[in-house]
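**Student:** Here you go, sequence then predicted model.
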Amino acid sequence: DQQVKQNSPSLSVQEGRISILNCDYTNSMFDYFLWYKKYPAEGPTFLISISSIKDKNEDGRFTVFLNKSAKHLSLHIVPSQPGDSAVYFCAATYSGGYQKVTFGTGTKLQVIP
Amino acid sequence: NAGVTQTPKFQVLKTGQSMTLQCAQDMNHNSMYWYRQDPGMGLRLIYYSASEGTTDKGEVPNGYNVSRLNKREFSLRLESAAPSQTSVYFCASSEGLEKNIQYFGAGTRLSVL
């Protein structure tokens, strides 16, 4: 039972263009969502998060959008840079159970120079 | 800044052998976690420790034991390794507050033959 789904295993984008990574979830209890970025041979690093009381959170080139009714979130990277090439994990947790973070399967982003 | 340190980085075991994966953090975090990453499965929580002196099962605890030795250290033990435990193991830590942003180590790549 995959509660957090990233249906696109990979994505290729030209440098300078927008990258859009998608994530769907099924558990209505989730109220906090995070994106992590992972380079090969390294551990994931936190990128950006959003609470369910918001529908958008922005940090520089990275913006996360949350559509609660659709149980869908997306990560936008504008403009995309070659250094953004990595695996991106969507993750979700909930108040009262925040220790148990559920991760998606990841999307491998390749930004082509 | 060391952050989260995992040892060893690589290990090859024979079926039935035992070993302990070590993890230490220097961020004075309350909570620590062990995950495994398998192709197409994302990160799955094995065990976590919300605070010193407590441990709880995650999504895939079978075949593993953990010890929260002190606030800094959280070890993962495989008593009798099986080929199904071939994976990349990540340790993480967090302040343990809501929003639960986790900081990951670089991982241990384990092969069980």
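**Tutor:** Yep, that arrived.

**Student:** Chain neighbours aside, what residue packs nearest to the residue of chain A found nearest chain B?
**Tutor:** Residue of chain A nearest chain B, by Cβ to the nearest Cβ: A:Gly43 (3.1 Å). Any C-beta I mention is one placed from the backbone N, CA and C, and that applies to glycine too. Spatially, and ignoring its direct neighbours in sequence, A:Gly43 is nearest to B:Phe104 (3.1 Å; Cβ to Cβ, 6 or more residues apart in numbering or on different chains).

**Student:** A:Ser52 touches A:Ser69, doesn't it?
**Tutor:** No - between A:Ser52 and A:Ser69 there is no contact under Cβ atoms under 8 Å: 11.4 Å.

**Student:** So for A:Gln99, what pLDDT did the model give?
**Tutor:** In this model, A:Gln99 is scored at 75, pLDDT.

**Student:** How about B:Met41?
**Tutor:** B:Met41 is given a pLDDT of 85.

**Student:** Same question for A:Ser19.
**Tutor:** For A:Ser19, pLDDT reads 98.

**Student:** now do B:Glu98
**Tutor:** Reported pLDDT for B:Glu98: 67.

**Student:** and what of B:Met27?
**Tutor:** 93.

**Student:** In contact with it, which residues?
**Tutor:** B:Gly3, B:Val4, B:Ser93, B:Tyr103 (Cβ atoms under 8 Å, 6 or more residues apart in numbering or on different chains).

**Student:** Also B:Gly40?
**Tutor:** Neighbours of B:Gly40 in contact, by Cβ under 8 Å, 6+ apart: A:Pro9, A:Thr105.

**Student:** 10 Å - rerun?
**Tutor:** If a contact means Cβ atoms under 10 Å, 6 or more residues apart in numbering or on different chains, then B:Gly40 has A:Pro9, A:Thr105, A:Gly106 as its contacts.

**Student:** Also A:Tyr25?
**Tutor:** By Cβ under 10 Å, 6+ apart, the residues touching A:Tyr25 are A:2-5, A:33, A:66, A:68, A:70-73, A:90-92, A:102, A:104.

**Student:** cool, B:Ala92 as well?
**Tutor:** Taking Cβ under 10 Å, 6+ apart, one finds A:43-44, A:101, B:4, B:6, B:23, B:25, B:29, B:31-35, B:43, B:45, B:48, B:74, B:100-105 in contact with B:Ala92.

**Student:** where does chain B have low pLDDT?
**Tutor:** For chain B, the stretches flagged by pLDDT under 70 are B:1, B:98-99.

**Student:** residue boundaries of the strands in it?
**Tutor:** B:4-7, B:10-13, B:19-25, B:31-38, B:42-49, B:56-57, B:64-68, B:74-78, B:87-94, B:103-104, B:108-112 (DSSP state E).
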